[in-house]
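Trainee: Starting from these lines, generate the structure:
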Amino acid sequence: QVQLVETGGGLVQAGGSLRVSCAASGSIFSDYAMGWFRQSPGKEREFVSAVSRSGGIADYADSVKGRFTISRDNAKNTVYLQMNSLKPEDTAVYYCAADPLRFGVSRAASLYEYWGQGTHVTVSS
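Mentor: Predicted coordinates:
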């Protein structure tokens, strides 16, 4: 199984940028499709972005499309989420997750088997 650790969260002003990273260990990273999800207080966890095993396929929630970019470096066992033009509504705990079954990407949290502990992102207005 794979262990996931997110880093890079923090406080940023609206309009700013932040990159969060997720480092994987314990298994072959390229065997997993990877996803980013987020959860705000009082809200359900929601899909943000996902990338396929090779990095050739990426998907984004409509709310972040054009502002966020997902990427992965299989040599470094790391997936990234570059977040630009941040808005206060992007404030949340961001989680990365690994899907060992699919070669494409999925938006369903239930299909991801492994999760990190999350990193806090706060966007001030």
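Trainee: Pick out the residue nearest the middle of this structure.
Mentor: The geometric centre of the chain, computed from its C-alpha atoms, lies nearest to Trp36 (C-alpha atoms, centre = their mean), at 2.3 Å.
Trainee: For stretch 92-105, buried residues please.
Mentor: Using 16 or more other C-beta atoms under 10 Å as the test for burial, stretch 92-105 gives 92-100, 105. Placement of C-beta: from N, CA and C, glycine included.
Trainee: Now do the phi/psi pair for Tyr80.
Mentor: Main-chain torsions, Tyr80, degrees, to the nearest 10: phi -120, psi 150.
Trainee: so what's it up against?
Mentor: Tyr80 makes contact with 19-22, 70-73, according to C-beta atoms under 8 Å, 6 or more residues apart in numbering.
Trainee: Show the pLDDT at Ala23.
Mentor: Looking at Ala23, its pLDDT reads 98.
Trainee: which residues does it contact?
Mentor: 4-5, 7, 76-78.
Trainee: Equivalent analysis for Gln117, please.
Mentor: Shown in contact with Gln117 (C-beta under 8 Å, 6+ apart): 5-6, 95.
Trainee: in the protein, what spans have low per-residue confidence?
Mentor: Within the chain, not a single segment meets pLDDT under 70.
Trainee: Val12: neighbour count?
Mentor: For Val12, the neighbour count with other C-beta atoms under 10 Å is 17.
Trainee: And the one 3 residues further on, by the same measure?
Mentor: The burial count assigned to Gly15 is 11, neighbours taken as other C-beta under 10 Å.
Trainee: Let me know the distance separating the nearest residue to Ser85 once chain neighbours are set aside from Ser49.
Mentor: Leaving out its chain neighbours, the residue that sits closest to Ser85 by C-beta to C-beta, 6 or more residues apart in numbering is Arg67, at 4.7 Å. Applying C-beta to C-beta, to the nearest Å, the value for Arg67 to Ser49 is 10 Å.
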